[in-house]
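Engineer: Build me a model from this:
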Amino acid sequence: MRTFKNPALKQLTDQQVRFAPPARRLEQLQRAERLLAEFDPSRQYPYQFVCFRITDYRPTLYPDLLIDGADLQHDLYLFVSELAKSMPAVPVETVDEPVLTLEQMSDRLKVSTKTINRWRRRGLIGLPVVLKGRRQVGFLPSLFEPFLATNQERVERGGRFTQLSEDEREDILRRAKRLSCVSGGTLTEVSRRIARRLGRSPETVRYTIKNFDHAHPGQALFPAVTGSLDLDTKQTIYTSYRRGISVDTLAKRFRRTRTSMYRVINEVRAKHLLAQPLDYIYHPSFDDPSLEQEILAPMPDLDAYEAKQRDMHAPKDVPPELASLYEVPLLNKEQEQHMFRKMNYLKHKASQLRRKLHKDGDESGPLDSTRVRNQELDRIEGLQAQAGDVKEKLINANMRLVASIAKRHSGSGENIFELISDGNMSLIRAVEKFDFGRGFKFSTYASWAIMKNFARSIPEEKHRRERYVTGHEDLFDVAPDQRTDEQDLVASAEQASHRVNRLLEYLDPREQQIIRMRAGLDGTDGMTLEEIGKQMGITKERVRQLNVRIMSKLRTIARDQHLDLP
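Structural biologist: From the prediction side, this is the model:
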């Protein structure tokens, strides 16, 4: 019961935890308990009615929302749990009611403290109190009496618990032996089935079986599977989990506990996460906690920037392929500095958390699987995703700079779109390497990086065309020789096709597909970048980047293999 089934009730819970004063939260806990005692799980209830019963306020949100009773019960238990955990600890002397400790509650109901804690997950409210200088859980009659009234049968059954007789113990072990052989179920599943049949709690049955296995390891009904899992098995478990296979199913398949499955999944997830490079530019302000709020604040003059973005339109003489570049305004120096500092700070925070996953906090050391927690991995991924969003905004705001420089460097025979694609890669690297702490404008640094790249790539491209191309810019266009007869022409085309197909064999299937569609090698007209992108489910810009990379790869292969290109 960790996730709300209805977003509206989760939103209500978050609001009350964050904004309602403690006294108000305590009153709402009592109201929620009374509501749990009254509602029918088979009916549906309007959200506004539920909200009114808990908060004494009827909202205007979700006027038509109906919640199934079973989902409402599930979410109300979570509501009660979250509000109880959010309450500040108060001295028992200041409470108007008598406060029972966990042990006193256990004695009163004649059940174990473990049973009390299980009931807390089902709505029994325990509040943090300070007793004899120690923080512990306290139970107030006004809060636990409604639970006892609603769960009277459960409480009476728990109070009737007696020690197992020898005959009952033998009966449990006999049934467990048969079920473990027949169904192949886990210890938890078998315990639940036997508990339902004998009227005992699953925990009682489970501990009886575990105690027997511990005392008789040679006859263990559920022998512990010891030894570490190998890397391939761990990867299989992780991949299966990502594909939607439940942890219970994986635990049964590999004869391990749910806890061990989660541990393996988190370990492999952490290794994948740490394998991703995380470079950033450090700044001394990152170590000042008082500046965190300022660094993570929205960009300066954000409202004016967004208003300007809404009013932007591409000039009429701009090609349609470049129109999207004019949808994002340029950043001023202050906005630019803020965004670069924010991006690198987010990476810095992620790097600090990643370092904690290593033994001794050393990034070059091995992963410490005992430190891997799902919540920590979520935080790291969240920080890296936020940094990626900021990086994307910086790139989009400067792509017009790439187009401007590419136009100045495009001469006769130069493909402006290939230059822009090449320049975009330089821009991305510049965003990652720019040291914002020096106070320079990013456009100066990025322009230098893009022009330096063009100074190297454009002569190489000209040399390639002069050496390999016979009149067409595309590597795979077959140039017919008008001086030959038809038979020679067919033979020449066949040889050219054979050489092209030999080159394509060095590419993976996705790269082959892009080249065939772009050059029309399957007997069809060559497709545009946008058409290829739609067919493959990627952006036009991504197709252009892939095409440039594939062409460079083919040129290298042709040179290394001494292949004559058509």
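Engineer: Tell me which helix or strand comes right after the worst-scoring helix or strand of the chain on mean pLDDT.
Structural biologist: Ranked by mean pLDDT, DSSP states H and E, the weakest helix or strand in the chain is helix 486-504, scoring a mean of 53. The helix or strand immediately downstream of helix 486-504 is helix 509-519, counting by DSSP states H and E.
Engineer: Whatever helix or strand comes next after that following helix vs helix 509-519, what angle?
Structural biologist: The helix or strand immediately downstream of helix 509-519 is helix 529-536, counting by DSSP H and E. On the basis of axes from the mean of the first three to the mean of the last three Cα atoms, to 10 degrees, helix 529-536 is oriented at 140 degrees to helix 509-519.
Engineer: Surely residue 283 touches residue 436?
Structural biologist: Yes. Under the criterion of Cβ atoms under 8 Å, residue 283 makes contact with residue 436 at 7.4 Å. Every residue, glycine included, has its C-beta placed from N, CA and C.
Engineer: Can I get the helix or strand hosting residue 206 in CSV, CA atoms only?
Structural biologist: Per DSSP H and E, residue 206 falls inside helix 202-215. In CSV, the C-alpha atoms belonging to helix 202-215 read as follows (Å, rounded to 0.1, in the frame of the first residue of the first chain):
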residue,chain,number,x,y,z
PRO,A,202,0.5,-16.2,8.1
GLU,A,203,3.4,-15.0,10.3
THR,A,204,2.7,-17.8,12.8
VAL,A,205,2.8,-20.4,10.1
ARG,A,206,5.8,-18.8,8.4
TYR,A,207,7.9,-18.7,11.6
THR,A,208,7.0,-22.3,12.4
ILE,A,209,8.3,-23.5,9.0
LYS,A,210,11.4,-21.3,9.3
ASN,A,211,12.2,-22.6,12.8
PHE,A,212,11.9,-26.1,11.6
ASP,A,213,14.2,-25.5,8.6
HIS,A,214,16.8,-23.8,10.8
ALA,A,215,16.8,-26.7,13.3
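Engineer: Give the buried residues for the helix or strand that comes right after that helix.
Structural biologist: The helix or strand immediately downstream of helix 202-215 is helix 231-242, counting by DSSP H and E. Using 16 or more other Cβ atoms under 10 Å as the test for burial, helix 231-242 gives 234, 236, 237, 238, 240, 241.
Engineer: Now render these as TSV, adding distance to residue 514 and pLDDT.
Structural biologist: TSV is the format used below for the buried residues of helix 231-242 (distance: Cβ to Cβ, whole Å; pLDDT from 0 to 100):
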residue	distance to residue 514	pLDDT
234	34	89
236	32	90
237	34	90
238	30	89
240	31	90
241	32	90
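Engineer: What ranges does the stretch 1-150 of the chain have for its helices?
Structural biologist: 7-19, 22-38, 47-55, 69-86, 102-109, 113-120, 141-150 (DSSP state H, counting those that start in this stretch).
Engineer: Could you dump the ones you listed into JSON lines and include mean neighbour count, mean pLDDT and distance to residue 167?
Structural biologist: Shown next, in JSON lines, are these (neighbours: other Cβ atoms under 10 Å; pLDDT from 0 to 100; distance: least, Cβ to Cβ, whole Å):
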{"stretch": "helix 7-19", "mean neighbour count": "16", "mean pLDDT": "87", "distance to residue 167": "47"}
{"stretch": "helix 22-38", "mean neighbour count": "17", "mean pLDDT": "83", "distance to residue 167": "39"}
{"stretch": "helix 47-55", "mean neighbour count": "19", "mean pLDDT": "90", "distance to residue 167": "49"}
{"stretch": "helix 69-86", "mean neighbour count": "19", "mean pLDDT": "85", "distance to residue 167": "37"}
{"stretch": "helix 102-109", "mean neighbour count": "15", "mean pLDDT": "84", "distance to residue 167": "27"}
{"stretch": "helix 113-120", "mean neighbour count": "17", "mean pLDDT": "81", "distance to residue 167": "24"}
{"stretch": "helix 141-150", "mean neighbour count": "17", "mean pLDDT": "80", "distance to residue 167": "32"}
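Engineer: joint contacts of residue 283 and residue 436?
Structural biologist: 341, 344 (Cβ atoms under 8 Å, 6 or more residues apart in numbering).
Engineer: Enumerate the positions of the helix or strand hosting residue 404 that are buried.
Structural biologist: Secondary structure from DSSP H and E places residue 404 in helix 399-409. The neighbour-count check on helix 399-409 (16+ other Cβ under 10 Å) flags 399, 400, 401, 402, 403, 405, 406, 409 as buried.
Engineer: and of those residues, the nearest to residue 535?
Structural biologist: Comparing the buried residues of helix 399-409 against residue 535 with Cβ to Cβ places residue 399 closest, at 24.2 Å.
Engineer: Contact partners for the closest one?
Structural biologist: The contact partners of residue 399, by Cβ under 8 Å, 6+ apart, come to 325, 328, 424, 427.
Engineer: can you put those in TSV and add distance to residue 230 and pLDDT?
Structural biologist: Below are the contacts of residue 399 laid out as TSV (distance: Cβ to Cβ, whole Å; pLDDT from 0 to 100):
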residue	distance to residue 230	pLDDT
325	50	79
328	49	85
424	42	85
427	43	89
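Engineer: Provide a list of residue ranges in the stretch 151-300 of the chain with pLDDT below threshold.
Structural biologist: 158-163, 181-185, 224-227 (pLDDT under 70).
Engineer: ok, now how distant is residue 110 from residue 156?
Structural biologist: As judged by Cβ to Cβ, to the nearest Å, residue 110 and residue 156 stand 10 Å apart.
Engineer: and if you look at residue 333?
Structural biologist: Distance from residue 333 to residue 156, by Cβ to Cβ: 73 Å.
Engineer: now residue 74
Structural biologist: 24 Å.
Engineer: surely residue 420 meets residue 404?
Structural biologist: No. Assessed by Cβ under 8 Å, residue 420 is found out of contact with residue 404, at 9.9 Å.
Engineer: joint contacts of those two?
Structural biologist: What both residue 420 and residue 404 touch, as defined by Cβ under 8 Å, 6+ apart, is an empty set.
Engineer: Among the buried residues of helix 231-242, which one sits closest to residue 444?
Structural biologist: Residue 444 has its nearest neighbour among the buried residues of helix 231-242 in residue 238, at 45.0 Å by Cβ to Cβ.
Engineer: Find the nearest non-adjacent residue to the closest one, please.
Structural biologist: residue 268 (3.8 Å; Cβ to Cβ, 6 or more residues apart in numbering).
Engineer: Give me the residues contacting the one helix or strand the one you found maps to.
Structural biologist: According to DSSP H and E, residue 268 maps onto helix 258-275. For helix 258-275, the external contacting residues (Cβ under 8 Å, 6+ apart) are 188, 229, 234-235, 237-238, 241, 247-248, 250-251, 254, 354, 357-358, 367, 369, 372-374, 377, 380-381.
Engineer: Then stretch 56-71?
Structural biologist: 5-6, 8-9, 31, 39-48, 50-52, 75.
Engineer: what number of residues lie near residue 230?
Structural biologist: 9 (other Cβ atoms under 10 Å).
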